[in-house]
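# What follows is a protein structure lacking sequence information:
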């Protein structure tokens, strides 16, 4: 396997306000995210040679890439839509990077846009997959909660202790989100409030779950050697990893709900490309998939941020908090932005991009002197995981 | 000799104190409980549970036919017995026949099976019945009806009870009925039903059978006689002389209710639990006539598990009358979140070996067992190199689970997603039913049971769930 390191740069990004945006449609969200990205990169619609778009639901499938061409009038160019659950936004970025690295295009767009709040329901609906019955009552909280029982059992963590442990992740992310103007939620939480909230799928209470929001984010990508023609501080792609597992790995013997091949493989690919040996030490900031607090905990260990079983100690010591050894989800994460599925990967990448440029919209959450950052989404569990590592210098 | 090899009953996990229905209407309560089919159960799934228990570990290849009796079959036009044959993983050339419309259809099916085997046209026939009749809210029947299933395996050899003979009569009487468009069971005046219907015709059929066999009521050791209520039951026993101590009892009536067409088979299973060598056993049933059968215990009676007392004791108390009305489709609650599933009759048909027969695949290269069937082995990736493994009877234990409080139906919202480790090595992923979510834990023993998942596409979508042992 080769490497993408220093071949591609992000020269502009945009991100909408996230939230329950009743007065904005899919097109409005795409237009807003693209407008900010165009302005940031100093390009226009006429410069975009191809668009890689991610969206799951809107407008309920069967529309191909026309959501982008209709909204942005990106006509007469290739528009490739991908749907890979929660990792779709990262996979749009992945495709965009490969497209310019191949030399086929100079300037392309990755666009993630999702309008969840037009369905009339607060959740994502019940049931998954292609079979009429195999996953009939599968839901996201119910699926991710399957991890908790195994993890707590393996490491001898009591129910109450486990509940508080993951609750601290919610407290951390909400504290960060309170400093994040574009987030959906800005409220701080106490651990007591998190632990005592109504249970959605034990141990996941209301505040262990991310919300459903609308939003869009957009990246303009070019070859690294062209990047300085557009701006002085392009952000270079150091490593990419995407790893797909099956939709029901539940039926595989040996699948233990603690170790996730998709997480481990996607992060390993990206680390190897980026030349990262110890992510815990070398990364300065990370945005990972905190759809549920237990997910973020599992990622700490599968990504090598924590040793196996070591997440507890790192959570209790504040290692992943703002000002800690490796701040994770410093913008509030999915917990505070909500999870407009196809948009999230690019929204998380937007935060890392701004952090590495030291241009975060609220200086309170700016990481000092960052060099390398990681963004990540995880659909499932545990079908697909996608990782992007970025840096602000070549080499 | 033709006879009954084994029999089994299925009584749902949900039990409802009759006071709950009574107090909802401010009327008098009958004593005891009624059984209630869960939101994922119907007459077919209950019959399937009983049938699986009845067959136990016995060889399924030898079953020549499956009969299904019910007045509440899941389909008006589409056979239930052929679906049962698939669910039970029976041979392709089984004779599948549905019996319906009459409360005695369960016994009629049994009698025909016994006569077929006796005549030599089949060696083994599986007779099943399931019932979940709907009574008018506030009626006596609302309290008295129960939901349940029963099954009996009829065979030419290995029988525990030998078939001595049967008698039947038919007599048109509009005493209990449902027209095609009726939801609720309708009845004429109770005194008319009793005097000219139930009591008169049952007495006649039982009397004729005893006469035909040259026996008197005193020769009958055990009688399995369904009755719509306790008073009719007592009156019939008295008038037929079958009121001797321990001859005819019906604990089901008080603790589960009257299970219609399934009741004769439920009572047969109940009698067989305690019948002794040499006992003469009389079965009877009523509905537009009456039928009676006589059998004698001549062999070892195999115990089916779980027993009836165990099934009556194992329960979740169902305390909400509003939810009862919703389970019975009498009221429609607030709709829940939409399903994100694509129902497809052709998918269900194409995948029937996995979805209905509950077959997994065992890799002939490395031995990995997967469910549903995987054409390419999950471990060693060898292609189309597997043998089918039937998982439906296997023991399993909970590997991991979660309890989603919002994912179910609005009237049954809690969903326990479960990954179960099966004895064959397969992992089953699905929902857990008939459980107290608070009691679920890692390593808990479970077994698989067929349930109805939803009605998307306008047809019943059945699949397997796991449930704790009862």
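That came through fine. None of these values were measured; they are calculated from a predicted model.

# Could I get the full set of helices for chain A?
Secondary structure of chain A (DSSP state H): helices at A:26-41, A:66-72, A:88-101, A:140-154, A:159-177, A:191-195, A:224-227, A:261-274, A:279-282, A:293-302, A:311-317, A:333-337, A:341-357.

# near chain B, anything from the fourth one?
Yes: counting by CB under 8 Å from any CB of the partner chain, chain B is contacted by helix A:140-154 at A:141-150, A:153. C-beta coordinates here come from the backbone N, C-alpha and C atoms, glycine included.

# Buried among those residues? Make that a PyMOL selection.
Filtering the residues of helix A:140-154 next to chain B down to the buried ones (16 or more other CB atoms under 10 Å in any protein chain shown) takes a single PyMOL command:
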select buried, chain A and resi 141+142+143+144+145+146+147+148+149+150+153
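
# export the residues of helix A:140-154 next to chain B to TSV and tack on pLDDT?
Listed next are the residues of helix A:140-154 next to chain B as TSV, based on pLDDT from 0 to 100:
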residue	pLDDT
A:141	93
A:142	93
A:143	92
A:144	95
A:145	95
A:146	95
A:147	96
A:148	95
A:149	93
A:150	96
A:153	97
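
# Could you identify the most distant pair in the residues of helix A:140-154 next to chain B?
Spatially, the most separated pair among these is A:141 and A:153, at 19.2 Å (CB to CB).

# sorry, back to before: distance to residue B:250 for the residues of helix A:140-154 next to chain B - can I get that in a markdown table?
Listed next are the residues of helix A:140-154 next to chain B as a markdown table, based on distance: CB to CB, whole Å:
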| residue | distance to residue B:250 |
| --- | --- |
| A:141 | 46 |
| A:142 | 42 |
| A:143 | 46 |
| A:144 | 49 |
| A:145 | 44 |
| A:146 | 44 |
| A:147 | 49 |
| A:148 | 47 |
| A:149 | 43 |
| A:150 | 47 |
| A:153 | 46 |
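
# Let me know the closest of the residues of helix A:140-154 next to chain B to residue B:366.
residue A:150 (24.4 Å).

# Contacts only, for the closest one.
Residue A:150 makes contact with A:256-258, B:399-400, B:442, according to CB atoms under 8 Å, 6 or more residues apart in numbering or on different chains.

# again with residue A:11
A:40-43, A:220-222, A:227, A:230-231, A:234.

# quick one: which of those is most hemmed in?
Most neighbours among the contacts of residue A:11, by other CB atoms under 10 Å in any protein chain shown: residue A:221, with 30 neighbours.

# what sits against residue 223?
Unless you meant another one, I'm taking chain A. A:7-9, A:100-101, A:103, A:106.

# if you could check chain B rather than the one you did, that'd help
B:237, B:242, B:247-248, B:271, B:281-284.

# Excluding chain neighbours, what is closest to it?
Excluding its sequence neighbours, the residue lying closest to residue B:223 (CB to CB, 6 or more residues apart in numbering or on different chains) is residue B:248, at 3.9 Å.

# Confirm the one you found sits in a helix?
No: counting by DSSP: H, G, I helix; E, B strand; the rest coil, residue B:248 falls outside a helix, being coil.

# I figured it hits residue B:221, correct?
No: contact criterion CB atoms under 8 Å: residue B:248 and residue B:221 do not qualify, at 10.2 Å.

# Compare these two (neighbour count), which wins?
Comparing residue B:248 with residue B:221 by other CB under 10 Å, the one with more neighbours is residue B:248, at 22 against 18.

# quick one, what contacts the more buried one?
Contacts of residue B:248 (CB under 8 Å, 6+ apart): B:222-225, B:233, B:237, B:242.

# Just want the phi and psi numbers for it.
phi -130, psi 120 (degrees, to the nearest 10).

# For residue B:361, the count of nearby residues, please.
25.

# Then residue A:337?
Neighbour number of residue A:337 under other CB under 10 Å is 33.

# Just to check, it is in contact with residue A:16?
No: if you go by CB under 8 Å, residue A:337 and residue A:16 don't touch, sitting 10.4 Å apart.

# residues shared between the contacts of these two?
A:182, A:215.

# who are the neighbours in contact with the closest residue to residue B:288 other than its chain neighbours?
The shortest distance from residue B:288 to any non-neighbouring residue, by CB to CB, 6+ apart, is to residue B:102 (5.6 Å). If you count contacts by CB under 8 Å, 6+ apart, residue B:102 has them with B:71, B:108, B:261, B:287-288.

# Just want the phi and psi numbers for residue B:102.
Main-chain torsions, residue B:102, degrees, to the nearest 10: phi -120, psi 150.

# Tell me how far it lies from chain A.
Per CB to the nearest CB, to the nearest Å, residue B:102 is found 33 Å from chain A.

# Can you read off the pLDDT for the residue nearest to the spatial centre of chain B?
Nearest to the geometric centre of chain B sits residue B:149, at 1.7 Å (CA atoms, centre = their mean). Turning to residue B:149, the model gives it a pLDDT of 98.

# Does it belong to a helix, a strand or coil?
strand.

# again, but for residue B:235
helix.

# Please name the nearest non-neighbouring residue to it.
Nearest non-adjacent residue to residue B:235, counting by CB to CB, 6+ apart: residue B:199, 6.0 Å away.

# Name the next helix or strand downstream of the helix or strand hosting the one you found, please.
Taking DSSP states H and E as the definition, residue B:199 sits inside helix B:199-213. Next in sequence after helix B:199-213, counting helices and strands by DSSP H and E, comes strand B:222-224.

# For that following strand, which strands pair with it and how are they oriented?
When pairing is defined by DSSP bridges, strand B:222-224 lines up against strand B:280-286 (parallel).

# following the strand it pairs with, which helix or strand shows up next?
Immediately after strand B:280-286, counting by DSSP H and E, sits strand B:289-297.

# Same question for the next helix or strand after that next one: list its buried residues.
Counting by DSSP H and E, the next helix or strand C-terminal to strand B:289-297 is helix B:308-313. By neighbour count on 16+ other CB under 10 Å, the buried set for helix B:308-313 is B:308, B:311-312.
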